[in-house]
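> Have a look at this prediction, sequence included:
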Amino acid sequence: MSGHSKWQQIRRQKGVNDSRRGALFTRLGRELVVAVREGGGGDPDANFRLRMAVQRARAANMPMDNIERTIKRATGAEGGASFDEIVYEGYAPGGAAIMIQAMTDNRNRTVAEVRNAMNKNGGNLGEAGCVDWIFEQTGIIEIALEGHDPDELSLMAIDAGAQDVDEPTDGDEALVVYTEPSDLDTVRKALEAQKLNLTRAETVLRPKTKVELDEKASLQTLRLIDRLEDLDDVQTVYTNADIADEYAEKYEG
């Protein structure tokens, strides 16, 4: 089992609990569009990427009508903008790596906004490839605890083919499970077959190594991540920063 910090848990929950629901739905809508066009069509049963995008949208309480309308637009049944996927790399205050995944219909606007956010919050935008070697594609599944014994759930996940499981801490509402990207759908189906409530199932970038930050760098890095995630075109921000719970609580408080 591996451990996790409170600030990582807060970041995982942020999307679902985001009070700016309109901005969140915009991000989810773009993800649906790209999933249809890059993943192989508008049928979630035949398009794994779309199936995961629909699941994330439903977890965020996006209305099914919105989801279906977005999928139709992406398949050409209705008109719609075309989005490009872009990844930016750089460094946060204190030297931690930053990976920024964006979807945009205007590359010049997006890179300008990302660079501005980085510069104003102590970060540095780097060249392509400067930090991507620090991260690896990983499948992640979250299982709602709902009174289940975490140890029993962990064993069920490992038996289903999971690679690793986060050791839950007090206050956790879900068990976090990691898989090989290619095994994500298989493990998901095996856990769902056991009537478990999965609140998340997707591929993410997981750092191979982490950089421990002091209080000043931690607070600056959390502020930078928030500013980046506030940008309309930014979908997800990843970092290998290791931030102590006390610093995360101070920032959130």
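Received it, and whenever you're ready, just let me know what you need.
> Helices of the stretch 51-200 of the chain, residue ranges please.
64-74, 107-120, 150-159, 184-192 (DSSP state H, counting those that start in this stretch).
> Please identify the buried residues of the first one?
Just to be clear, that refers to helix 64-74. For helix 64-74, the neighbour count (16 or more other CB atoms under 10 Å) marks 67, 69-71, 73-74 as buried. From N, CA and C alone the C-beta is placed, and that goes for glycine too.
> Quick one: distance of it to the chain centre.
Counting by CA atoms, centre = their mean, to the nearest Å, helix 64-74 is centred 21 Å from the centre of its parent chain.
> Give me the residues contacting that helix.
25, 29, 32-33, 35-37, 42, 50, 54, 57-58, 78-80 (CB atoms under 8 Å, 6 or more residues apart in numbering).
> Just the CA trace of that helix, in PDB.
This file holds the C-alpha atoms of helix 64-74, laid out as PDB (Å, rounded to 0.1, in the frame of the first residue of the first chain):
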ATOM      1  CA  MET A  64     -27.700  13.500 -19.000                       C
ATOM      2  CA  ASP A  65     -29.300  15.700 -21.600                       C
ATOM      3  CA  ASN A  66     -26.200  17.900 -21.700                       C
ATOM      4  CA  ILE A  67     -24.000  14.800 -22.100                       C
ATOM      5  CA  GLU A  68     -26.000  13.400 -24.900                       C
ATOM      6  CA  ARG A  69     -26.300  16.700 -26.700                       C
ATOM      7  CA  THR A  70     -22.500  17.200 -26.500                       C
ATOM      8  CA  ILE A  71     -21.900  13.700 -27.900                       C
ATOM      9  CA  LYS A  72     -24.200  14.300 -30.800                       C
ATOM     10  CA  ARG A  73     -22.400  17.600 -31.500                       C
ATOM     11  CA  ALA A  74     -19.100  15.900 -31.500                       C
END
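> From the buried residues of helix 64-74, pick the one nearest His148.
Ile67 (28.8 Å; CB to CB).
> ok, that closest one to Ala201 distance?
16 Å (CB to CB, to the nearest Å).
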